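In: turn this into a structure:
(4 chains)
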Protein chains: 2
Amino acid sequence: MGRPREFDIDAALGKAMQVFWSKGYEATSLDDLCEATGLGRSSMYAAFTDKRQIYLQVLKRYEQNAVLRVGKALAGERPLRVSLAAFLQETIDSIAHGSGRRGCLIGNSAAGLNGNDKEIAEVVRHSLDQHEQAFHNALERAQQRGEFAADEDLRALARFITASFHGLRIFGKVPRDKAALEDIAGVMLRCLERPARA
Amino acid sequence: MGRPREFDIDAALGKAMQVFWSKGYEATSLDDLCEATGLGRSSMYAAFTDKRQIYLQVLKRYEQNAVLRVGKALAGERPLRVSLAAFLQETIDSIAHGSGRRGCLIGNSAAGLNGNDKEIAEVVRHSLDQHEQAFHNALERAQQRGEFAADEDLRALARFITASFHGLRIFGKVPRDKAALEDIAGVMLRCLERPARA
DNA sequence: GCCGTTCTGTACTATATAGTACATAAACAG
DNA sequence: CTGTTTATGTACTATATAGTACAGAACGGC
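Out: Below you'll find the predicted structure:
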């Protein structure tokens, strides 16, 4: 069946993800990707076709991770405001620590969209939707536990949380003290603690 | 005194801003800028030194516009929740209409930061701070009008509004119906209508 | 009118980078 | 062992693009 591939596709995608995440799509060269993965150009192109395809696969992979992370963080029986507070604090800590300074790859990609690539836009849209859905699932479970009124608009809350979360990550792209980020998270959480009854 | 410049620096920066705003820094070439401004490369380099300097000047110019826009939108004696609602709705309409699909240049730039250029990072940070400050000013006026308790943390609210606003703009980068964006704005406004007394 | 100075247009250089060609290596089937 | 097939490494091409050199144009000062 021919010579077997000498590297693990998924591991390579993981390495590539780190590079795209840190540098952004345009600023990442194929040489960067080769260096990070340890692959030669030939193996790269044979396995992934071209740079754009690598990016598309990386985005999908990142989306899965991100959705899983949210799901895990908000699982369990703790009140949502507690688990969400912990999740936000973890994000803030990673920013303060430095590793979170890269922001969220989904948000970074969304910000970088320029109307020239419908396929990437579609993948990014899907990722945002799935991100929102992960929050929505947690909200539904919380509602079943009686944390929200039956007529509460969970979809709106999920959208709000997703958007504010990405705003927080934008803020975190720039050196800033924890307190500023904690302010944002604090006000965000209000909206859960006293859901409106407009 | 030499030959006089044949173009208006500020008008050229305005054109350049449109390009950077639509395409992003990395994806914008000097040829793009020359075409948009109608200038030759020589005039470009003579007036602005290089691409990065153009970008820096564009960012500063955009920041001024953005801050003015917020100030104007939230001026007057209307309750802040009313003027802010109108401001958010205007943003949402521009997104739905298409012209707002580019997002906010400040947010786009923040998302594109990769730790390689401290000076651009500093300008972006300044822009975010000024954006926040514009909201803070409006909050203070509202507090003086009695819309907020004296011990309300206006700084936190301003940060929250700024972050959520940028989250909203991130959402708007991707084709999406108005309702989703209005959901976000709706929940944002709750936080003003019922400021917490944690 | 002439000179010095600054701008403008054209042509050029240098380099980075996406993608390809091709020879060789490593497996498996028979 | 041989042939087929798929992967890998090296060398290459093509192109885009940031930045420069330089000649000529357009002004003010004298």
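In: contacts and neighbour counts: CA atoms only from here.
Out: Fine.
In: ok, which stretches of chain A are helices?
Out: Assignment of helices within chain A using DSSP state H yields the ranges A:9-23, A:30-37, A:41-48, A:51-73, A:80-97, A:105-112, A:118-144, A:154-171, A:178-193.
In: just the C-alphas of the second one, formatted as CSV.
Out: Looking back up the chat, that one is helix A:30-37. Extracted C-alpha coordinates of helix A:30-37, given in CSV (Å, rounded to 0.1, in the frame of the first residue of the first chain):
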residue,chain,number,x,y,z
LEU,A,30,4.1,27.7,5.3
ASP,A,31,7.7,27.7,6.6
ASP,A,32,6.3,28.6,10.0
LEU,A,33,4.0,25.6,9.8
CYS,A,34,6.8,23.3,8.5
GLU,A,35,9.0,24.3,11.3
ALA,A,36,6.4,23.9,14.0
THR,A,37,5.3,20.5,12.8
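In: lowest-confidence helix or strand of chain A?
Out: helix A:178-193 (a mean of 94; mean pLDDT, DSSP states H and E).
In: helices or strands next to that one in the packing?
Out: With contacts defined as 3 or more CA pairs under 8 Å, 6 or more residues apart in numbering or on different chains; DSSP states H and E, helix A:178-193 has these neighbours: helix A:80-97, helix A:154-171, helix B:154-171, helix B:178-193.
In: contacting residues around the shortest one?
Out: Counting contacts by CA atoms under 8 Å, 6 or more residues apart in numbering or on different chains, the residues outside helix B:178-193 that touch it are A:156-157, A:159-160, A:163, A:187, A:190-191, A:196, B:81, B:84-85, B:88-89, B:92-93, B:96, B:161, B:164, B:168, B:171-172.
In: could you tell me the least trusted of the helices and strands packed on helix A:178-193?
Out: Least confidently modelled of these is helix B:178-193, at a mean of 94 by mean pLDDT.
In: output that helix as CSV, nothing but the C-alphas.
Out: What follows is helix B:178-193, C-alpha atoms only, in CSV (Å, rounded to 0.1, in the frame of the first residue of the first chain):
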residue,chain,number,x,y,z
LYS,B,178,-30.7,41.2,13.2
ALA,B,179,-32.6,39.3,15.9
ALA,B,180,-29.4,37.6,17.2
LEU,B,181,-27.6,40.9,17.5
GLU,B,182,-30.7,42.5,19.1
ASP,B,183,-30.7,39.7,21.7
ILE,B,184,-27.2,40.7,22.7
ALA,B,185,-28.0,44.3,22.9
GLY,B,186,-31.1,43.6,24.9
VAL,B,187,-29.4,41.7,27.6
MET,B,188,-26.6,44.3,27.7
LEU,B,189,-29.1,47.0,28.4
ARG,B,190,-30.5,45.0,31.4
CYS,B,191,-27.4,45.6,33.2
LEU,B,192,-28.0,49.4,33.1
GLU,B,193,-31.7,49.2,33.8
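In: so what's the gap between that helix and the chain middle?
Out: 19 Å (CA atoms, centre = their mean, to the nearest Å).
In: buried sites along it?
Out: B:180-192 (16 or more other CA atoms under 10 Å in any protein chain shown).
In: okay, the angle between that helix and helix B:118-144?
Out: For helix B:178-193 against helix B:118-144, the angle by axes from the mean of the first three to the mean of the last three CA atoms, to 10 degrees is 60 degrees.
In: so who does A:Ala163 touch?
Out: B:Ser164, B:Gly167, B:Leu168, B:Ile170, B:Phe171, B:Ile184.
In: ok, how many other residues are close to A:His126?
Out: Neighbour count for A:His126, taken as other CA atoms under 10 Å in any protein chain shown: 16.
In: now swap in A:Gly2 and tell me
Out: Residues near A:Gly2, counting by other CA under 10 Å: 4.
In: on that earlier part again, how about JSON lines for the contacts of A:Ala163, with distance to B:Glu77 added?
Out: Output for the contacts of A:Ala163, formatted as JSON lines (distance: CA to CA, whole Å):
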{"residue": "B:Ser164", "distance to B:Glu77": "24"}
{"residue": "B:Gly167", "distance to B:Glu77": "27"}
{"residue": "B:Leu168", "distance to B:Glu77": "26"}
{"residue": "B:Ile170", "distance to B:Glu77": "30"}
{"residue": "B:Phe171", "distance to B:Glu77": "30"}
{"residue": "B:Ile184", "distance to B:Glu77": "25"}
